[in-house]
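Enquirer: here's a sequence, model it:
(chains A, B, C and D)
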Protein chains: 4
Amino acid sequence: MDTTQKGDLVQLVGISHKNFILQLIEGEELHTHRGIIAHDDLIGKQWGSQVFSHTGAPFYILQPAMGDLITDTRRTTQILYPKDIGFILMNMGIGPGQHIVEAGTGSGAMTTAIAHAVGPQGHVTTYEIREEVINLARKNLTLLGMQERVTFKHRNVIEGFDENNVIALFMDIPKPESCIPQVKHSLISGGFFGCIVPTANQVIQLLTVLRKEGFAFVEVCELMLRYYKPVVQRFRPADRMVAHTGFLVFARSIIPSEDIEKFENK
Amino acid sequence: MDTTQKGDLVQLVGISHKNFILQLIEGEELHTHRGIIAHDDLIGKQWGSQVFSHTGAPFYILQPAMGDLITDTRRTTQILYPKDIGFILMNMGIGPGQHIVEAGTGSGAMTTAIAHAVGPQGHVTTYEIREEVINLARKNLTLLGMQERVTFKHRNVIEGFDENNVIALFMDIPKPESCIPQVKHSLISGGFFGCIVPTANQVIQLLTVLRKEGFAFVEVCELMLRYYKPVVQRFRPADRMVAHTGFLVFARSIIPSEDIEKFENK
Amino acid sequence: MDTTQKGDLVQLVGISHKNFILQLIEGEELHTHRGIIAHDDLIGKQWGSQVFSHTGAPFYILQPAMGDLITDTRRTTQILYPKDIGFILMNMGIGPGQHIVEAGTGSGAMTTAIAHAVGPQGHVTTYEIREEVINLARKNLTLLGMQERVTFKHRNVIEGFDENNVIALFMDIPKPESCIPQVKHSLISGGFFGCIVPTANQVIQLLTVLRKEGFAFVEVCELMLRYYKPVVQRFRPADRMVAHTGFLVFARSIIPSEDIEKFENK
Amino acid sequence: MDTTQKGDLVQLVGISHKNFILQLIEGEELHTHRGIIAHDDLIGKQWGSQVFSHTGAPFYILQPAMGDLITDTRRTTQILYPKDIGFILMNMGIGPGQHIVEAGTGSGAMTTAIAHAVGPQGHVTTYEIREEVINLARKNLTLLGMQERVTFKHRNVIEGFDENNVIALFMDIPKPESCIPQVKHSLISGGFFGCIVPTANQVIQLLTVLRKEGFAFVEVCELMLRYYKPVVQRFRPADRMVAHTGFLVFARSIIPSEDIEKFENK
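Expert: Numbering: from 1, shown residues only, chains lettered A, B, ... in the order given. Presented below is the predicted three-dimensional model:
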């Protein structure tokens, strides 16, 4: 379909890349700092065309990408960045039809990305300790039409996960090192563990526990994303960049052997 | 299922992370530099457990992740890295059920990742100029059981794409700047264009053509991945890293307006 | 001397690292957003001790380092960063007793660093096209007591340099690619050429000209500096960083040979 | 002087950047894998010109830069890289005429760089625990004609430094965190402390001790150096790079105050 329909999620991009993501609902209005736009005026437009606010400010109307949806998520917490999410999905083999467990729903950015990746035949179970945060994440998922792929559980995962034989479990919580036995119990043998932590201290604590609890093939890494100024005559990197979003830690649940240390990357 | 079955794709990881990916077929053998392993001895094993070659060399048997499958791809050409692929999928909004077009099949690493991401309801059409390369990619996809999601076309894309109203088109070919009108013609208005090029000269050429041919919201970036040594007492970055895999270029097909320059990121 | 003296250059560092560099002159006052400090109250203080403004705001009084002096330089132009300057000095072999030529004085940050490195027996000749910029640089050098080591010349270097047999020439001007024959003429055979340019386009132009004009052993690089938060319990990289200050280009003036291409790094 | 003289240090650079640094001594020979070169044939040559081995292999004869001298140092230990050395010198304000103290001579790479920077009127005192390493470093310094600027001391610095009121002290030893009170005692109030350590664990230990022992204005950082392929038509970063040489830690010796935490960068 090359024109926008009632119910579509659209992205409006204004001058200097200020953007809005909204669902088109008859009769509603979007209020921006550059004027008001009636949703009715956005329905039936060609994707990629220009629309205008009541003050004449121009916007482009576009299909939102997963990266945009995540970055736009209404949030109460630090969210994961697309660069990290994409790599986590690849490294943990997450794809259509799988049932994935997440600890630390937060605003639902990663939940959204996993729900998108597993598709309508897959499922995500996500645990979160703060009830208000769950409500926000549920709203975000509903807006994207993916609420049926997600089960929200209001629980501190130190009390354990209900799921067993899980193929992949991702964790973004304050003290992941305290819940590794619970992760081990929930994962299928060979299963994928992934985690993001902000500090080197936490990586060190995690490494200690992972080894003790029967994980191997541990990998720790970080991704640095640098944008460039897309100017033909003066092509050069941007002046500033994000220096750190977190350390990514990956491991596999295995049946320990005596010679396991020989398999470690050092 | 927590044990390996006939027909499963498995990953064997030996000491110092040397690894093999294979499909379990009764009666076959894997020959490694550390001895021979009969497939029959690998069927019915618990995932994450240890197995041994005829010389007694130990291996762990694991479920392969998408990242591993891609890195393992038998290749005749430079392949895309998981760090780049994950980010490209996120940024171009690629997910279950979509029909995506690719130019430059190569060994099929990106084709594999897209086919995995779009799932059994989605489809990939991929163009390639070298026939022998198509055959290799087809074998790789068949091994992964995803051959029915992919249509291979033996053609130089300078002659154009057959598909119209495509939501996302990714290009990894030697002279992408020469095929941008063809891309424009194939993409739906608003659609996602993505590309990887190794040199700054090519980025500059692409930027010139993209602007002329009705693309906007151009983004150029690069991802740097740094691994750490996962050693508790001596946590530190690895000594060496890959310094460059390519510049990623993203853009949207739009209906041009006179004020389009104001929308550019500078 | 472990106490401050009349005439000393001192650095006052306030809360959240706001800092001031000044020369102690009897009877003068420093006006800060956190109150006034009489220079007389700063004379005879122990280095590394705390001093207070008239409102009671605390400051530490420290010996300024070269990096601080350069970063503090009153400027009308973009200045070089200490990370780049340190590497340039090392790579071009700049040290005590040498006579170095600079094109593009700017605010005198690099001039200062070179003048410091060559010491009282060395000399810097620096060319600049804008007269008001020269005056500012001269003031900065005078404040640091190094004015006698520096000769300022008000000229566009496209008209050539007066000096011959120069061992090292550094350039930070808008179009360095247009002055390479002039550089060649000024440098001693084997001499060091260094340059900083912001864009990839300029690097490409420079590479073209350098080869044509009898330079070899060309190196192009960039330095990325990432700070960490120095917090014991939460050691981690800073959130943001400078992504790009410039591409550094180095080359040697040589007597060309037919096989020169074989010596290039590719 | 634009021709080489007896006694000069020269750098011979062969094809693919293989290079040799030597002092020209009448009657001696240099044996390379590409043939023999008599020193006598290298005396009186124009700098930047080509010379040949007895097998006809070409070399360029160049003035060596400090960065080359350091990288070439005959070594028994890991050496500091020019990128780090340049930044350390800038950040610690090291320049002509100063007396600097170093702990951990190693092969003398940093000793050489400091001795070069302080010039003939300055001095370096360097401590080292391994006698054979001192001998190697002394040979390296003598070759460069800077042996009179350096005092070598064979001692574990845990026993303390002899020098007082030192303006800058640099440390590259296995357990710097165990010697901080000794550093404090040796430095002048306000003086500069610098250190390089390979692991995050060591940075964390250092941060703990530095705070306790009366240091402030602590900075931790790392420098990443990326080279580019200097090819006009295909300008791009090199394929691989050094990912980590060490964490740089800088601090100032101060007279502690109760509100010192407010001055910290967090």
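Enquirer: if I look at the residue nearest the centre of chain A, how far off is A:T151?
Expert: In chain A, the centroid-proximal residue (C-alpha atoms, centre = their mean) is A:M110; its distance is 2.3 Å. For A:M110, the distance to A:T151 (C-beta to C-beta, to the nearest Å) stands at 15 Å. Using the backbone N, CA and C atoms, a C-beta is placed for each residue, glycine as well.
Enquirer: related to what we said a few turns ago, so which helix or strand takes in the residue nearest to the centre of chain A?
Expert: Element membership for A:M110 (DSSP states H and E) is helix A:109-118.
Enquirer: for chain A, where's the lowest mean pLDDT among helices and strands?
Expert: helix A:66-72 (a mean of 79; mean pLDDT, DSSP states H and E).
Enquirer: what residues does the stretch 101-250 of chain A have near chain B?
Expert: Counting by C-beta under 8 Å from any C-beta of the partner chain, the stretch 101-250 of chain A comes close to chain B at A:113, A:116-121, A:165, A:167, A:188-192, A:200, A:203-204, A:207-208, A:211, A:216-232, A:235, A:247.
Enquirer: A:G122 touches A:T151, doesn't it?
Expert: No - look at A:G122 against A:T151 with C-beta atoms under 8 Å: they stay out of range, at 11.9 Å.
Enquirer: out of those two, which sits in the busier spot?
Expert: A:G122 (20 against 15; other C-beta atoms under 10 Å in any protein chain shown).
Enquirer: residue contacts, the more buried one?
Expert: A:P96, A:G97, A:Q98, A:H99, A:I100, A:A115, A:R149 (C-beta atoms under 8 Å, 6 or more residues apart in numbering or on different chains).
Enquirer: buried subset of these as a ChimeraX selection?
Expert: The following ChimeraX line selects those of the contacts of A:G122 that are buried, judged by 16 or more other C-beta atoms under 10 Å in any protein chain shown:
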select /A:96,98,99,100,115,149
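Enquirer: closest one to A:N135 out of the contacts of A:G122, please.
Expert: Nearest to A:N135 among those is A:A115, at 16.7 Å by C-beta to C-beta.
Enquirer: verify the stated contact: the closest one with A:T151.
Expert: No - assessed by C-beta under 8 Å, A:A115 is found out of contact with A:T151, at 10.6 Å.
Enquirer: okay, and the common contacts of those two?
Expert: The contact sets of A:A115 and A:T151 overlap at A:V124 (C-beta under 8 Å, 6+ apart).
Enquirer: not counting sequence-adjacent ones, nearest residue to the one residue in the stretch 151-266 of chain A that gets nearest to chain D?
Expert: Nearest residue of the stretch 151-266 of chain A to chain D, counting by C-beta to the nearest C-beta: A:A200, 4.0 Å away. Closest residue to A:A200 apart from its sequence neighbours, by C-beta to C-beta, 6 or more residues apart in numbering or on different chains: D:A200 at 4.0 Å.
Enquirer: how many neighbouring residues does the one you found have?
Expert: The number of residues packed near D:A200 is 23, by other C-beta under 10 Å.
Enquirer: anything in stretch A:236-256 near chain C?
Expert: Yes - counting by C-beta under 8 Å from any C-beta, chain C is contacted by stretch A:236-256 at A:R236, A:P237, A:A238, A:D239, A:R240, A:M241, A:V242, A:A243, A:H244.
Enquirer: residue ranges with poor pLDDT in chain A?
Expert: Filtered on pLDDT under 70, chain A yields the residue ranges A:73-78, A:264-266.
Enquirer: break down it into its helices, ranges please.
Expert: Taking DSSP state H as the criterion, chain A carries its helices at A:66-72, A:82-91, A:109-118, A:131-143, A:180-186, A:200-212.
Enquirer: and the ones you listed: which comes nearest C:T3?
Expert: Ranking the helices of chain A by proximity to C:T3 (C-beta to C-beta) places helix A:200-212 first, at 39.6 Å.
Enquirer: now the closest one: buried residues?
Expert: A:A200, A:N201, A:Q202, A:V203, A:I204, A:Q205, A:L206, A:L207, A:V209, A:L210, A:R211.
Enquirer: can you list the residues you listed in JSON lines and add distance to B:E28?
Expert: What follows is those, written out as JSON lines (distance: C-beta to C-beta, whole Å):
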{"residue": "A:A200", "distance to B:E28": "45"}
{"residue": "A:N201", "distance to B:E28": "48"}
{"residue": "A:Q202", "distance to B:E28": "44"}
{"residue": "A:V203", "distance to B:E28": "41"}
{"residue": "A:I204", "distance to B:E28": "43"}
{"residue": "A:Q205", "distance to B:E28": "44"}
{"residue": "A:L206", "distance to B:E28": "39"}
{"residue": "A:L207", "distance to B:E28": "38"}
{"residue": "A:V209", "distance to B:E28": "39"}
{"residue": "A:L210", "distance to B:E28": "34"}
{"residue": "A:R211", "distance to B:E28": "35"}
